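Trainee: model this:
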Amino acid sequence: MKIILASKSPRRQELLRLITSDFEIKTKEIDERAIEDEIVANGGSAKDVQLKLAKAKAQAVWEELTLNEQKEYAVIGSDTSVISGNAILGKPVDKDDARRMLTSLCGKEHEVISSVCVISQDKTIAWTEVTKVRFGELDKYQEDLIERYINTDEPYDKAGAYGIQEGGALLVESVSGDYFNVVGLPVRKLSIILNQLL
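Mentor: The predicted model follows:
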């Protein structure tokens with residue numbers, strides 16, 4: 001069975017290489033905002049949004065394959081969000097937005113939710129992984145960390161304005177659950193699923 005990762009994220013690609021180096025990258029644009037709006041309008045949760053987006057990303061690439069290719073390939077789609085309270089924290093638009101997000105996370109626990117969908121000819125498997133992350137209290141030290149961090153390039157392509165595998169690690173007090181899920185892919189469960197398929 002050959003593997004396609006339906007993501008351009010260098011972090012997901014790096015994590016998938018922990019499982020296998022033999023995969024291809026293919027993506028197809030989907031209307032994420034329309035999917036999110038539809039689910040929210042119908043009373044769905046942030047987890048519902050994540051799962052639908054992961055399925056949509058995988059399905060869009062799967063439908064581009066020929067029937068013969070579908071016999072040979074499994075497609076992996078994934079989507080990750082940072083959830084604080086009932087709010088989904090996306091990528092910050094500027095330095096002020098990054099500071100606001102990071103400050104709002106201090107001294108409390110938030111959730112990082114990744115949904116993954118694996119489509120093969122025989123079956124479709126989709127699940128949501130939740131990791132709880134707690135930031136340090138907002139004191140002078142934490143404020144200084146935030147100021148230094150938002151003056152790097154790191155926060156601006158990441159949901160919630162931080163990368164736990166980079167300088168954002170200094171802001172984090174504790175992690176409960178799959179650490180790699182916070183980076184962008186729950187590798188242990190994905191490895192188990194792929195092992196079953198392959």
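Trainee: what's the closest non-adjacent residue to Asp64?
Mentor: For residue 64 the amino acid is Glu, not Asp. Excluding its sequence neighbours, the residue lying closest to Glu64 (CB to CB, 6 or more residues apart in numbering) is Lys28, at 6.2 Å. Every residue, glycine included, has its C-beta placed from N, CA and C.
Trainee: what does Leu185 give?
Mentor: Among residues not flanking Leu185 along the chain, Leu15 sits closest, at 4.2 Å (CB to CB, 6+ apart).
Trainee: which element is the residue nearest the centre of the chain on?
Mentor: Centroid-nearest residue in the chain, with CA atoms, centre = their mean: Thr80, separated by 2.2 Å. Per DSSP states H and E: Thr80 is located in strand 73-84.
Trainee: what is the longest helix along the chain packed up against?
Mentor: Ranked by residue count under DSSP state H, the longest helix found in the chain is helix 46-62. Other helices and strands packing on helix 46-62, by 3 or more CB pairs under 8 Å, 6 or more residues apart in numbering; DSSP states H and E, are helix 32-41, strand 73-84, strand 109-119, strand 124-135.
Trainee: any idea of the angle the shortest one forms with helix 46-62?
Mentor: Computed with axes from the mean of the first three to the mean of the last three CA atoms, to 10 degrees, the direction of helix 32-41 lies at 140 degrees from that of helix 46-62.
Trainee: what of the third one?
Mentor: Between strand 109-119 and helix 46-62, the angle formed by their directions is 30 degrees, by the same axes, to 10 degrees.
Trainee: quick one: buried residues of strand 109-119?
Mentor: 110-119 (16 or more other CB atoms under 10 Å).
Trainee: distance of Leu65 from Ser115?
Mentor: Counting by CB to CB, to the nearest Å, the gap from Leu65 to Ser115 is 21 Å.
Trainee: ugh, typo on my part, it should be Ala56
Mentor: Distance of Ala56 to Ser115, given as CB to CB: 10 Å.
Trainee: over to Ile146?
Mentor: 28 Å.
Trainee: swap in Lys158?
Mentor: 17 Å.
Trainee: re earlier: averaged pLDDT, the longest helix of the chain. What do you get?
Mentor: For helix 46-62, the mean pLDDT works out to 92.
Trainee: contact partners of that helix?
Mentor: With contacts defined as CB atoms under 8 Å, 6 or more residues apart in numbering, helix 46-62 is touched by 4, 6-7, 26-30, 32, 35-36, 39-40, 44, 70, 75-81, 83, 86, 88, 113-119, 124, 126-128, 130.
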